[in-house]
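[1] My questions concern the predicted model and sequence given below.
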Amino acid sequence: MQTNFDIIIIGGGPAGMTAGIYSARAGMQVLLIEKNSIGGQVSLTGSIANYPGFKKIDGFELSQNMFEQMTALGVETLFGSVDEINLADEIKTVKVGGVTYSAYSIILSMGANSRGLDVTGEKNFIGKGISYCAVCDGAFFRNKIVAVVGGGNTALEDAVYLAPIVQKLYLIHRRKEYRADQTAIDEFEKLLDKQNSNITAKLGYVVEEIKGQERVQSLVLRNVETQEREELDVDGVFVAIGRNPNTELLNDAVTLDNGYVVVDDTMKTNVTGVYAAGDIVKKNLRQIATAISDGAIAGTNASNFVKKFKKGE
């Protein structure tokens with residue numbers, strides 16, 4: 001593989017792949033680097049019902065469609081973890097596995113990881129009853145008692161996905177009202193209100209401790225109003241309380257706000273030639289549709305920058 005490119009994209013989620021598509025269509029030589037699997041969190045989503053053009057589509061299928069479209073345009077893909085990024089010079093460099101790759105422009109689209117509860121016992125039981133992906137791990141809890149923690153779209157969608165699989169499901173949320181959109185709420189409450197429903201909503205509660213021996217066995221909950229505590233017997237816990245941006249490698253090389261990359265309306269950062277797109281960006285809404293919009297804008301403007309750079313403008 002060559003090591004010199006016009007544009008390097010770090011992150012292979014919807015934002016990164018869309019940036020790749022738009023950059024390649026603009027005639028750029030593009031390298032996309034992804035450390036895990038193409039599609040990021042989207043590839044782990046069972047059914048997507050809010051992406052325009054599809055009433056429902058499997059997340060893995062959507063990711064593969066994007067990847068095939070991107071690679072057909074000539075975008076090269078490298079799987080590996082980025083060891084080092086240098087954004088300070090005119091020619092930017094990215095080191096992966098001891099090899100240095102260079103480009104005139106970089107698009108940051110590393111996404112975000114699931115946020116943990118940060119409570120006693122959590123680290124001890126990751127992979128031993130605690131999961132951050134219901135679609136990935138739900139089948140392991142068939143006919144078991146589980147809890148889903150969170151009140152946003154992901155939490156309610158996880159609950160809807162898990163309810164037909166498990167024996168009993170608790171939805172635990174610190175507020176009295178959900179943070180999800182109305183469609184997700186309606187779908188969840190339809191199952192909740194069903195006769196003989198196996199779902200119990202514990203609203204106004206927080207998890208204080210996760211207990212067990214070899215695996216998760218119970219949760220200690222605290223009522224946020226009365227401060228009273230209770231213990232629930234569960235076999236598994238699915239955590240869905242938001243995500244943290246993957247910006248650790250940047251070391252303040254670009255302007256960050258609460259860990260998220262600050263960009264203008266062209267998706268440009270404060271560093272010339274460096275753009276960002278997707279869940280890594282500071283914004284109000286993080287959805288597949290907004291990630292794709294970010295990627296299209298970043299890919300277009302990064303390509304325009306490279307064309308001007310080559311002309312000496």
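    Yes, it's here.
[2] Mind naming the longest helix for the chain?
    Assignment by DSSP state H gives helix 288-311 as the longest helix of the chain.
[3] Pull out the buried residues from it.
    Neighbour-count burial for helix 288-311 flags 288, 290-303, 305-306, 309 (criterion: 16 or more other CB atoms under 10 Å). Where you see a C-beta, it was placed from the backbone N, CA and C, and this is true even at glycine.
[4] Rounded mean pLDDT for it, please.
    For helix 288-311, mean pLDDT rounds to 96.
[5] Residues in contact with that helix: which ones?
    The contact list for helix 288-311, computed with CB atoms under 8 Å, 6 or more residues apart in numbering, reads 6-7, 13-23, 26-28, 42, 48, 50-52, 62, 90, 104-105, 107, 109, 265-268, 272-273, 275-279, 281, 283.
[6] How about stretch 138-145?
    Outside of stretch 138-145, the residues within contact range by CB under 8 Å, 6+ apart are 161-162, 165-170, 233-236, 238.
[7] where do the strands sit along the stretch 1-150 of the chain?
    For the stretch 1-150 of the chain, the strands defined by DSSP state E, counting those that start in this stretch cover 4-10, 30-34, 76-79, 82-86, 92-96, 99-108, 112-114, 130-131, 145-149.
[8] What of the stretch 151-300 of the chain?
    Using DSSP E, counting those that start in this stretch, the strands assigned to the stretch 151-300 of the chain run over residues 168-173, 199-203, 205-212, 216-223, 229-233, 236-239, 243-245, 256-257, 260-261, 274-276.
[9] Could you say which of those is packed most deeply?
    Comparing the strands of the stretch 151-300 of the chain by mean neighbour count (mean count of other CB atoms under 10 Å), strand 274-276 ranks first with a mean of 29.
[10] If you count contacts, what does it end up packed against?
    strand 99-108, helix 288-311 (3 or more CB pairs under 8 Å, 6 or more residues apart in numbering; DSSP states H and E).
[11] ok so, going back, take the strands of the stretch 1-150 of the chain and write them to JSON lines, including distance to Asn198, mean pLDDT and mean neighbour count.
    Listed next are those as JSON lines, based on distance: least, CB to CB, whole Å; pLDDT from 0 to 100; neighbours: other CB atoms under 10 Å:
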{"stretch": "strand 4-10", "distance to Asn198": "42", "mean pLDDT": "98", "mean neighbour count": "25"}
{"stretch": "strand 30-34", "distance to Asn198": "38", "mean pLDDT": "98", "mean neighbour count": "26"}
{"stretch": "strand 76-79", "distance to Asn198": "40", "mean pLDDT": "97", "mean neighbour count": "17"}
{"stretch": "strand 82-86", "distance to Asn198": "43", "mean pLDDT": "95", "mean neighbour count": "15"}
{"stretch": "strand 92-96", "distance to Asn198": "46", "mean pLDDT": "97", "mean neighbour count": "19"}
{"stretch": "strand 99-108", "distance to Asn198": "43", "mean pLDDT": "98", "mean neighbour count": "23"}
{"stretch": "strand 112-114", "distance to Asn198": "25", "mean pLDDT": "85", "mean neighbour count": "17"}
{"stretch": "strand 130-131", "distance to Asn198": "19", "mean pLDDT": "93", "mean neighbour count": "24"}
{"stretch": "strand 145-149", "distance to Asn198": "9", "mean pLDDT": "98", "mean neighbour count": "25"}
